[in-house]
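Peer 1: Need coordinates for the following:
(6 chains)
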4 protein chains.
Amino acid sequence: MEFRETQAIYLQIGDYVCEQILLDRWNEGDRIPSVRELGVDLQVNPNTVMRTYDFLQSNEIIYNKRGVGYFVSEDAKTKIISYRKKQFLDQELPLFFKNLRILGMDFKEIAKLYELFIAK
Amino acid sequence: MEFRETQAIYLQIGDYVCEQILLDRWNEGDRIPSVRELGVDLQVNPNTVMRTYDFLQSNEIIYNKRGVGYFVSEDAKTKIISYRKKQFLDQELPLFFKNLRILGMDFKEIAKLYELFIAK
Amino acid sequence: MEFRETQAIYLQIGDYVCEQILLDRWNEGDRIPSVRELGVDLQVNPNTVMRTYDFLQSNEIIYNKRGVGYFVSEDAKTKIISYRKKQFLDQELPLFFKNLRILGMDFKEIAKLYELFIAK
Amino acid sequence: MEFRETQAIYLQIGDYVCEQILLDRWNEGDRIPSVRELGVDLQVNPNTVMRTYDFLQSNEIIYNKRGVGYFVSEDAKTKIISYRKKQFLDQELPLFFKNLRILGMDFKEIAKLYELFIAK
DNA sequence: GTGGTCTAGACCACC
DNA sequence: GTGGTCTAGACCACA
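Peer 2: The predicted structure is shown next:
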């Protein structure tokens, strides 16, 4: 796995894990790879994976059974989506609209571009 | 001024400066606030403002007269808009569309939200 | 059975076993559940139960007949109570009192809560 | 500073910080020592202090100004006390009462011991 | 100077 | 085997 420079690796791994869950590769209730396994897989220090798991656990997307491993929470998918939606509506959308206005772009242009995007 | 966690403060100040220019609050050829003044205004360390000005100067949006201050370049508005438009079309828009799809949102919803935004 | 985060599971199982003995559910001289049985009951790895039994045996609360099983010692109840009472008076009580004071709670509050607890 | 074996160092440092706040040694709004300073003071790796600060920040007891340092939140004292109170009422008190009953101790005994404790 | 991230490697308790 | 903690040391962006 390649990492972007612009974001902490442990967060990118977080996104990776969430994607696996959203795509039903790792199902709710399943055990996910151990910190060591995933560390080897992604060519990353186990501590870094640990940090990801810590972060996801504090967001209740995964949980831990002591001495056994980490597991996908029951409502993980819902949580991920609602978390992202909130992020999107609160942060990205206002910025997006502001940009539209500042750049003097017409909303209809965007609509057209979206159709092109969908068609791809 | 409040700053987002997701982006360096000096870049956010850069956006702020560009906005002043685009909105004709600071006109081309005019002197803009000194590093210290803006630092006080925005509750930010002067070094940070300095970094912003450095950055904007390297993009030729502002220029410097030694011992006098920083000034808005003649074609600043054009430059800002073309720079931003490129950024917007290449980077933000694809991400934006991708998000829409992942979150399963309808484009009509966005259109409605935009009207609300405009009305404000 | 639910386990607290703050203490090792095998110790919490130890408390559970002692309680069964104190409450006369498992009587002195009787055979107690096998490591596997209790493991299934409590949804826990048999190794963990094994560790509990090891621990209790080293405190002479239970003993082992090879190939037969584990049994409650003759004077188990006395031992448990004296062990716990010591623990309680030396360790828990001082901490408890200290907490009361730090939190600025009145002892009468505690008395009331105790009545509620008893009434349950 | 000496650390107990029974609890993670970073949590003990957390308690230490909270104590400083409760005792008005570090006041609300004040900057607290940098991770490096406190690391030297307590003879501990800066990363460990970092972990403490992370933890306290997620509990909103301290907050961070980027590039400047960590600061005591406005209502830190209230938060600490209410956090501890919750912990006490939910976790310790039920266990305490349960112990009382199992050990067959009278509540009046406890009341007497408390008076002795207070008198000290 | 500050925090933040990451690595490598160690040791531990626990399951 | 698992996670959890800690250290030492490095590098970086940021203020």
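
Peer 1: For chain A, which residues are neighbours of chain B?
Peer 2: With Cβ under 8 Å from any Cβ of the partner chain as the criterion, chain A comes near chain B at residues A:22, A:81, A:84-85, A:88, A:91-94, A:96-97, A:99-105, A:107, A:110-111, A:113-114, A:117. Every C-beta, even on glycine, is put in place using the N, C-alpha and C of the backbone.

Peer 1: Now chain A against DNA strand F: closest residue?
Peer 2: Taking Cβ to the nearest atom of the strand, DNA strand F has its nearest neighbour within chain A at A:Ser34, 3.1 Å off.

Peer 1: Tell me who's in contact with that residue.
Peer 2: Residues counted as contacts of A:Ser34 (Cβ atoms under 8 Å, 6 or more residues apart in numbering or on different chains) are A:Gly69, A:Tyr70.

Peer 1: Quick check: the gap between it and A:Tyr53.
Peer 2: For A:Ser34, the distance to A:Tyr53 equals 9 Å [Cβ to Cβ, to the nearest Å].

Peer 1: tell me, what's touching these two both at once?
Peer 2: Common contacts of A:Ser34 and A:Tyr53, defined by Cβ under 8 Å, 6+ apart, comprise A:Tyr70.

Peer 1: So what does the spatially most central residue of chain A look like in phi/psi?
Peer 2: Nearest to the geometric centre of chain A sits A:Asp15, at 2.9 Å (Cα atoms, centre = their mean). In terms of degrees, to the nearest 10, the main-chain angles of A:Asp15 are phi -60, psi -40.

Peer 1: go on, the one 4 residues further on?
Peer 2: Main-chain dihedrals, A:Glu19, degrees, to the nearest 10: phi -60, psi -40.

Peer 1: How about A:Gly69?
Peer 2: The phi/psi pair for A:Gly69 (degrees, to the nearest 10) reads phi 150, psi -170.

Peer 1: how about it, what does it touch?
Peer 2: A:Arg31, A:Ile32, A:Ser34.

Peer 1: Surely the second one touches A:Lys65?
Peer 2: No - using Cβ atoms under 8 Å, A:Ile32 is not in contact with A:Lys65; the gap is 11.6 Å.

Peer 1: who's more crowded, these two?
Peer 2: For A:Ile32 and A:Lys65, the more surrounded residue by other Cβ atoms under 10 Å in any protein chain shown is A:Ile32, and the numbers stand at 19 against 13.

Peer 1: Please report how far that one lies from chain B.
Peer 2: 21 Å (Cβ to the nearest Cβ, to the nearest Å).

Peer 1: Need the nearest residue in space to the residue of chain A positioned farthest from its centre, chain neighbours excluded.
Peer 2: Distance to the chain centre peaks in chain A at A:Gly104, reaching 31.8 Å (criterion: Cα atoms, centre = their mean). Using Cβ to Cβ, 6 or more residues apart in numbering or on different chains and skipping the chain neighbours, the partner closest in space to A:Gly104 is B:Ile81 (7.8 Å).

Peer 1: Neighbours of that neighbour, how many?
Peer 2: A count of nearby residues for B:Ile81, using other Cβ under 10 Å, gives 16.

Peer 1: In which helix or strand does it reside?
Peer 2: Element membership for B:Ile81, per DSSP states H and E: helix B:76-87.
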